[in-house]
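**Q** Dropping the sequence and predicted coords here.
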Amino acid sequence: MVEELDEVRQNDQNDHSQVMELAPAIRLRHTGIGIDFRRVAARPRGLPMYRHCVPRAPWQIKEAVLSSVRVRGAVSRIASERGVSPSVVAKEAKHIVESMGHNLGMNSIRFMGYVLHKVLCAVYQEVRVNPKELEAVKEAVKKGPVLLLPNHRSYMDFLIVSYIFFFAGLPVPAIAAGQDFLAMGPVTWLLRRCGAFFMRRSFKDDPLYWACFSEYAGTIVSHADQPLEFFIEGTRSRTGKSLHPKVGLLGAALRPYFECRTSDITIVPVAITYEERMETHLYADEMLGTPKPKESLGATIKARKVMEHNHGRMHASIGPCISVHERLGKRVQRNRHVASPGVVSFNAVEKEAVLDLSYEVIAAHQRNFVITVPSMLSALALNWPSLSVCRRAGSCFELDVNVAISQCSDLQNEVRARGYTVDVHPRVVGSSAATVTEALRHGLESWLTPLAPTVEMGTGDVLRLFFGNADHPPFNRILLAHQRNELLHVFAAEALVLWAIILQNAGSMGTIIEDFAALHALLSTEVMLPCRHGTALRQHFDQGLARLIQSDVLSAHTTGYSVRQCWLAQFVLSLVVPYVQCTATVLRWWHSYQAATDQPPVKLDELVKLIRSQNVPAHGSSDDTASGISAECLSSDTIKNSINTIQRLGVLKTSSSGFSVRDASDMRKLQLSVDRYLTHANRIIQHQASHL
């Protein structure tokens, strides 16, 4: 029907009103790229500000940091420990603050707003935000300090929130950036002028630096000079998945609340989704061992090539706002910090509360991520070679385009049924697509462009997939896995529940839950369920079980559950099985390594290379679909996560010399458990795929 796509658009708004209201606020190509510079230069006027805020210049913020009780106390203590004059340490503190601090200037912000608008117009079709939550942020800014906590998957994340706030008439935030960006010459100067301040990646062993940094972040928050923005995950996710939060900076930003320097702080999660990320190919190279390129002016100039290609839409889903006082007010005793501000450390209860708050932010990100057509197609494409409807044709697999579109349509219905927003609108500007099918076809054509020659359109409406043969290395599948991971959180709990039920067959609910917890422990780094307690984990289990039954994946009987003949069962399991396969390959490598006596410990980087070299031959064969080795088994990130998981489970130990096996019998037990998991999962996947 012609009205079908309009109905989907209406459903987008209705479905997402429970999570967020998604509506375009900043249209790039539709307004034209010839934005009037005078219009930009006139912004912003009459910015909303905290009613008790007294505006301070950047130099005044730095002076406040150096004269604070925390920094002066650290200077005196360190001078005494070193046996030097306090003035010597004070100069060191001043140098730290000067090299760290921002130098915010409105003229630079206006210039950056103009330039960034030009760049975004060339790179993206639209930037979509939810304006109702922007209004809520405006009110929050007037009431007190605001923390902006985006996810981090692209370099563009650094400036997109500032860009949106600038054009929405909100104060531009101060942004915590890594010290890597200090080597970019004029770009560093401009970033500093736009509110960026720079921090070391690690400084826990430098008490003076920690005192200066935490006080700098704290004074921005306590005086509410401007919103403070930082990435709760700490680093960019190069695999498209959510990362576990890092709470060091969050703890520093919350100290003014603990020390009663402010009555409340508003946390604003920002979930940024890209239809196509500019760095996808770069990330795939890094996962296969190519060193990460250093941030520099030359690299920035070379990156201009990305402007030659349209990357579709960007979604910045802002909110909902979280009140720190509502979350922590009854859990912590703030009066213990008042007498000695900046001196008293967080106790166990306070650390737990901050950590719980950080996971709540990650959960908000996951609820608000927009699922795109490329992520759905990539997830499906990785399964196509195993399906009976996919034909082998020489060095490639072939699938009818209509089958691919039909599967994508079914998948987007399942995603919507779980309360997530799906963007099926065509990327092609001016497209006349009137039905979901036509919109998905446009989305498929746009998806193919950056993936060539991994996937390409053949003659007669046939998709041709080149996987794993000698001419097309695993780089191709890692590209697809990166996009697939963007919807992993939608089905993560269901995948673990289904796997646990398959393991037990007719087992009791207690044993099913035990296997669910064991699988979660094995996959907690890769499959991030934002929970930390047994009660929250049980909630994820109950929700996953209910969804599987509602989707007709499972049938409930008096004696237990049975898996129905359903494409969704095969699809859900295939999302998580590759990561357990990687753990199995790591365990096999250690087993063969331990077979030789007196083997020395192995450093992490060397260990990754050795394990990857073990897995490479499987991908040189003509058919890697039967090898039992997934592309993820060659990914540096996945191998490292598997190693760290095995260490966390007590099988490996680490020292300054590297990793070694703690107990060979424990390793063998874990290896048998992992093999059991894979045997049951692969049996179901192959059985389901043979009927599709």
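**A** Great, that's in hand.
**Q** What is the subsequent helix or strand relative to the host helix or strand of Glu514?
**A** Here Glu514 sits within helix 509-523, counting by DSSP states H and E. From helix 509-523 onward toward the C-terminus, using DSSP H and E, the following helix or strand is helix 534-550.
**Q** Now do the longest helix along the chain: distance to the chain's middle.
**A** Counting residues, the longest helix in the chain under DSSP state H turns out to be helix 567-595. The chain centroid and the centroid of helix 567-595 are separated by 22 Å, computed with C-alpha atoms, centre = their mean, to the nearest Å.
**Q** swap in stretch 553-564?
**A** In terms of C-alpha atoms, centre = their mean, the centre of stretch 553-564 is found 34 Å from the chain centre.
**Q** and if you look at stretch 106-114?
**A** The chain centroid and the centroid of stretch 106-114 are separated by 28 Å, computed with C-alpha atoms, centre = their mean.
**Q** re earlier: in the longest helix of the chain, which residues are buried?
**A** For helix 567-595, burial by neighbour count (16 or more other C-beta atoms under 10 Å) applies to 567-590. All C-beta atoms are positioned from the backbone trio N, CA, C, and that covers glycine.
**Q** re the thing from before, which positions in the helix holding Glu514 come out as buried?
**A** Within helix 509-523, the residues that count as buried by 16+ other C-beta under 10 Å are 512-513, 515-520, 522-523.
**Q** Please apply the same query to stretch 130-138.
**A** For stretch 130-138, burial by neighbour count (16+ other C-beta under 10 Å) applies to 130, 133-134, 136-138.
**Q** Next, check those residues against the strands and list the overlap.
**A** Among the buried residues of stretch 130-138, none falls in strands (DSSP state E).
**Q** Could you tell me the end-to-end distance of stretch 178-198?
**A** 5 Å (C-alpha to C-alpha, to the nearest Å).
**Q** who's in contact with that stretch?
**A** 99-105, 108-109, 111-112, 158-159, 162, 172-177, 199-201, 216, 226, 294-297, 300 (C-beta atoms under 8 Å, 6 or more residues apart in numbering).
**Q** What subset of those is buried?
**A** Buried among the contacts of stretch 178-198 by 16+ other C-beta under 10 Å: 100-105, 108-109, 111-112, 158-159, 162, 172-177, 199, 216, 226, 295.
**Q** Can you spell out which helices and strands pack onto the helix or strand Val115 falls within?
**A** Assigned by DSSP H and E, Val115 belongs to helix 106-123. Under the contact criterion of 3 or more C-beta pairs under 8 Å, 6 or more residues apart in numbering; DSSP states H and E, helix 106-123 touches helix 37-41, helix 157-167, helix 186-193.
**Q** list the buried ones in that helix?
**A** Going by neighbour count (16+ other C-beta under 10 Å), the buried part of helix 106-123 is 108-113, 116-117, 119-123.
**Q** and it, average pLDDT?
**A** Across helix 106-123, pLDDT averages out at 83.
**Q** Doesn't Leu610 belong to a strand?
**A** No: counting by DSSP: H, G, I helix; E, B strand; the rest coil, Leu610 is not part of a strand but helix.
**Q** That one: neighbour count?
**A** Burial of Leu610 is recorded as 13 neighbouring residues (other C-beta atoms under 10 Å).
**Q** Start at 2, not 1
**A** All right, first residue 2 from here; so that's Leu611.
**Q** Can I get the buried residues of helix 510-524 in CSV including pLDDT and distance to Leu149?
**A** CSV is the format used below for the buried residues of helix 510-524 (pLDDT from 0 to 100; distance: C-beta to C-beta, whole Å):
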residue, pLDDT, distance to Leu149
Ile513, 90, 41
Ile514, 90, 38
Asp516, 91, 39
Phe517, 92, 35
Ala518, 91, 34
Ala519, 91, 37
Leu520, 92, 34
His521, 91, 30
Leu523, 91, 34
Leu524, 91, 30
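**Q** export the residues you listed to a markdown table and tack on distance to Leu452?
**A** A markdown table is the format used below for the buried residues of helix 510-524 (distance: C-beta to C-beta, whole Å):
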| residue | distance to Leu452 |
| --- | --- |
| Ile513 | 39 |
| Ile514 | 40 |
| Asp516 | 36 |
| Phe517 | 35 |
| Ala518 | 37 |
| Ala519 | 36 |
| Leu520 | 31 |
| His521 | 32 |
| Leu523 | 31 |
| Leu524 | 27 |
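**Q** List just the nearest of those to Val147.
**A** His521 (33.7 Å; C-beta to C-beta).
**Q** for that closest one, what are its contacts?
**A** His521 sits next to 497, 528, 530, 538 when contact means C-beta under 8 Å, 6+ apart.
**Q** among those, who's most crowded?
**A** If you count neighbours using other C-beta under 10 Å, the busiest of the contacts of His521 is Leu497, which has 27 neighbours.
**Q** Verify the stated contact: it with Gly545.
**A** Yes: the criterion here is C-beta atoms under 8 Å, and Leu497 meets it with Gly545 at 6.8 Å.
**Q** So Leu400 belongs to a strand, correct?
**A** Yes: applying three-state DSSP, one finds Leu400 inside a strand.
**Q** Bridged to it, which residues?
**A** Here Leu400 sits in beta bridges with Leu464, as judged by DSSP bridges.
**Q** If you tally nearby residues, what's the number for it?
**A** Leu400 has 22 neighbours, counted by other C-beta under 10 Å.
**Q** For Leu388, grab phi and psi.
**A** Dihedral pair for Leu388: phi -90, psi 150, per degrees, to the nearest 10.
**Q** Against Ala632, how distant is Ser109?
**A** Ser109 is 43 Å from Ala632, where distance means C-beta to C-beta, to the nearest Å.
**Q** For Leu588, see how far away the residue most central in space within the chain is.
**A** The structure's the chain has its C-alpha centroid closest to Ser243; by C-alpha atoms, centre = their mean the separation is 3.4 Å. Noted for Ser243: a distance of 26 Å to Leu588, by C-beta to C-beta.
**Q** for the protein, longest strand please?
**A** Determined from DSSP E, the single longest strand within the chain is strand 267-275.
**Q** Contacts only, for the residue nearest to the centre of the chain.
**A** 152, 234, 363, 366-367, 490, 529, 531.
**Q** Give me the subset of those that lies in helices.
**A** Using DSSP H, these in helices are 363, 366-367, 490.
**Q** For the stretch 202-351 of the chain, give me the ranges with low pLDDT.
**A** For the stretch 202-351 of the chain, residues meeting the criterion pLDDT under 70 lie at 294-309, 343.
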